[in-house]
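# Got a predicted structure here, sequence first:
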Amino acid sequence: MKTRVPHVTRYYPLLLLLTLTACAKSSAVAVEVQTDSAADFSAALILRLPACRRFANPPSPAGLWNDLTLPAARIAVLGYDAGPGRWRAPFVELSDAAPSRNRPPLEEQTRARLDRFLRDVRKNEAVLRAEPSLRPTVIAAHATRALAVDIVARGRVKVAFVFLGARAPGLTAYCADAVRDLVSLLGPDGDALIWQHDAHESSMMACGPAAKRLTDAPGRADVIAVLSDPKP
């Protein structure tokens with residue numbers, strides 16, 4: 001009798017392999033997490049990433065990719081309504097919404113990889129159990145984690161912007177695990193900036209060299225400088 005391997009844990013051997021072989025290739029991640037409780041998410045994140053530094057009232061990450069001194073092809077943008085390009089996928093695509101003529105087509109390689117991950121995500125137990133109104137959020141969280149880990153682990157970009165919606169049962173821990181995976185893939189020399197916000201508060205955590213480079217009250221220009229030149 002075959003033993004069924006849970007959806008999440010069966011990716012960990014691959015994740016470990018990619019970590020050991022490719023973590024030095026990628027430089028930075030900028031992750032934004034929207035949650036019902038920023039305090040709860042911060043607590044979950046600190047348990048997984050205790051060495052990071054917290055900043056209150058940070059500048060928004062949305063649109064920062066337009067101001068980086070990096071080629072567009074070296075920047076991944078997942079979960080935001082950014083312009084079309086290589087390694088860019090808006091939330092609507094990640095949530096497995098029906099095709100629309102009004103949406104620009106994804107770059108061919110990104111489309112192929114996302115479709116492969118979505119085929120697996122659709123069968124995930126958490127997705128099947130989710131209320132219909134919350135299912136797109138759950139699908140997007142799972143698909144974004146898979147695609148972001150793939151892009152960062154393979155060193156396809158210099159900086160990856162990743163939006164994760166955690167406003168559904170079980171997604172606080174799941175998204176915290178996703179952030180931990182991305183930070184681990186960068187290795188000790190990679191920069192990670194993690195925004196968490198709810199309806200009332202917003203904060204940012206910095207991991208890696210960025211934690212020392214940023215001032216106590218970093219502005220937009222400070223964050224852009226770190227992401228444009230991620231290495232210490």
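Sure thing, it's come through. For clarity, every value in this text was computed on a predicted model and none was experimentally measured.
# how far away is Ala56 from Pro136?
31 Å (CB to CB, to the nearest Å). For glycine as for every other residue, the C-beta is placed from the backbone atoms N, C-alpha and C.
# tell me the centre residue of this structure?
Most central in the chain under CA atoms, centre = their mean is Val162, positioned 3.4 Å from the mean C-alpha point.
# Tell me, what's the model's pLDDT at it?
On the pLDDT scale, Val162 is placed at 98.
# for it, what are its contacts?
Contact analysis of Val162 by CB atoms under 8 Å, 6 or more residues apart in numbering lists 29-32, 76, 78-79, 144, 148, 182.
# Take these and keep only those in helices.
Using DSSP state H, 144, 148, 182 are the members of those that sit in helices.
# CA-only coordinates of the strand or helix carrying the residue nearest to the centre of the chain in CSV, if you can.
Here Val162 sits within strand 159-165, counting by DSSP states H and E. C-alpha atoms of strand 159-165 as CSV (Å, rounded to 0.1, in the frame of the first residue of the first chain):
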residue,chain,number,x,y,z
VAL,A,159,15.5,40.7,-6.7
ALA,A,160,12.1,39.1,-6.2
PHE,A,161,9.0,41.1,-5.1
VAL,A,162,6.4,38.7,-3.6
PHE,A,163,2.9,39.5,-2.4
LEU,A,164,1.3,37.0,-0.1
GLY,A,165,-2.3,37.3,1.1
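# circling back to that earlier point, got the contacts of Val162 as CSV, with pLDDT, neighbour count and distance to Ser202 columns?
Below are the contacts of Val162 laid out as CSV (pLDDT from 0 to 100; neighbours: other CB atoms under 10 Å; distance: CB to CB, whole Å):
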residue, pLDDT, neighbour count, distance to Ser202
Val29, 97, 28, 18
Ala30, 98, 28, 14
Val31, 98, 27, 13
Glu32, 98, 21, 10
Ala76, 97, 27, 23
Leu78, 98, 27, 20
Gly79, 97, 27, 17
Thr144, 98, 26, 20
Ala148, 97, 28, 21
Leu182, 97, 26, 20
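# In strands only, show me those.
Counting by DSSP state E, the part of these found in strands is 29-32, 76, 78.
# Could I get those in TSV, plus columns for distance to Asp191?
Below are the ones in strands among the contacts of Val162 laid out as TSV (distance: CB to CB, whole Å):
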residue	distance to Asp191
Val29	8
Ala30	9
Val31	12
Glu32	15
Ala76	15
Leu78	17
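# just these now: which is nearest Val152?
Of all the ones in strands among the contacts of Val162, Val152 sits closest to Val29, with 6.3 Å by CB to CB.
# low pLDDT regions in the chain?
Low-confidence segments of the chain (pLDDT under 70): 1-26, 231-232.
# any chance you could map the strands in it?
Along the chain, counting by DSSP E, strands occupy 28-34, 53-56, 75-78, 88-89, 159-165, 191-197, 202-207.
# Let me know the angle separating the last one from strand 191-197.
Spelled out, that is strand 202-207. In terms of direction (axes from the mean of the first three to the mean of the last three CA atoms, to 10 degrees), strand 202-207 departs from strand 191-197 by 160 degrees.
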